[in-house]
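> predicted model, plus sequence, below.
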Amino acid sequence: MRYRKTNRAFTWFKKLAWLAVPTIAVGGLFYPPLGLAVLLIMLALITISLFRGKYWCGNFCPHGSMFDVLLMRISAVLKIPPIFRSPALKWGFFGFFMVMFGVRLGIGVTALGDRPVLDRLGEVFVRQYLIFPTLAGLALAIFLNPRTWCTICPMGTMQEIVYRAGKRLGVPETIDSKLTWTDPARCTKCGNCSRVCPMQLHPYRALEQGDTDAFHQACIRCSTCVEHCPGHALTGARGSSTRDG
C-alpha cells in the first residue's frame, strides 16, 4: 500500500503545539526548569487517557504536531517496519525507558552541589525529552514515517495501560470518542482511510471481517481518516464498542 502525505492538523492547537518541542528540548538546555513542563504534559496525557485512550497523541501531543505539521513535508512516508509493532519491542523499550528515567531522576535529586533542586530535576526531564522523542523521533520521521516513534513511545504505552485500567474501573463509555461507522454501506473499500492513517491502521478491513466497529486499540483519534473518507463512512462517534484487533 502506498501511503499519502496529507493534512492531519484540523485545529489551531495542533498546528502550533510543535512550538513546545524546541522550547523545552532546546530552551531547557539553557534554563533547566523548563523541563518541568514535561511533568504537566505527563499529568495531562494520563488524565485524558483514562477516558479517551490515546486521544492526546492525535490531538495535543507537541511531538505529534511536529511529526504531522513539519516533518510530514520531508518524510519518506514509508511503511512502518513490523518490528516497531512488536509487543516485545514496545514493552521492552517501555521498561528500559522507565528504569533509566527512574535512575536519572534519583541521581538528579540526590546529586551533591549547591544547584537548585528545580534545576537538577528540570535537567533530567530535558534530557529525556531531547534524546528520545525529539532526536530519535525526528530521525525515524524523516527516514521512515512521521509517526514511527509513536508506535513505541513510552508515553503512548502508558496511555494504553491507563485506558485499559479505566475500562476495568467502569469509566463511562459515553465519555470516549472512538472511530466507528456512520453507515457501513457507504464504505467502498477504497483503502483511503489506511493510506492517510498516521498509525497505518486499516479501518476498512474491519468491515471486510464483518466487524461493525472500526476502532483499533492503537488509534490516536486524530480524525484524519474521517476527514479524508470520500464516502463519509466514518465518524468519531462516542460510546461505540472497542476491539483490540
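Here it is on my side, so go on. Numbers count the residues shown, from 1 in each chain.
> who does the lowest-mean-pLDDT helix or strand in the chain touch, helix- and strand-wise?
Taking mean pLDDT, DSSP states H and E as the measure, the helix or strand of the chain with the lowest value is helix 203-208, at a mean of 82. Here helix 203-208 touches helix 192-196, going by 3 or more CB pairs under 8 Å, 6 or more residues apart in numbering; DSSP states H and E. Quick note: C-beta positions are derived from backbone N, CA and C, even for glycine.
> shaky segments in this protein?
Within the chain, the stretches with pLDDT under 70 are 111-114, 210-214, 237-245.
> where is the longest helix in it?
In the chain, ranked by residue count with DSSP state H as the criterion, the top helix is helix 87-110.
> ok, then the element right after that one?
helix 117-129 (DSSP states H and E).
> export that following helix as PDB, just CAs?
What follows is helix 117-129, C-alpha atoms only, in PDB (Å, rounded to 0.1, in the frame of the first residue of the first chain):
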ATOM      1  CA  VAL A 117      16.700  21.200  43.100                       C
ATOM      2  CA  LEU A 118      14.400  22.500  40.300                       C
ATOM      3  CA  ASP A 119      17.400  22.900  38.000                       C
ATOM      4  CA  ARG A 120      18.500  19.400  38.600                       C
ATOM      5  CA  LEU A 121      15.100  17.900  38.200                       C
ATOM      6  CA  GLY A 122      14.500  20.000  35.100                       C
ATOM      7  CA  GLU A 123      17.700  18.700  33.500                       C
ATOM      8  CA  VAL A 124      16.500  15.200  33.900                       C
ATOM      9  CA  PHE A 125      13.300  15.900  32.000                       C
ATOM     10  CA  VAL A 126      15.000  18.000  29.400                       C
ATOM     11  CA  ARG A 127      17.500  15.200  28.500                       C
ATOM     12  CA  GLN A 128      14.800  12.600  28.300                       C
ATOM     13  CA  TYR A 129      12.700  14.900  26.100                       C
END
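> understood, closing this out.
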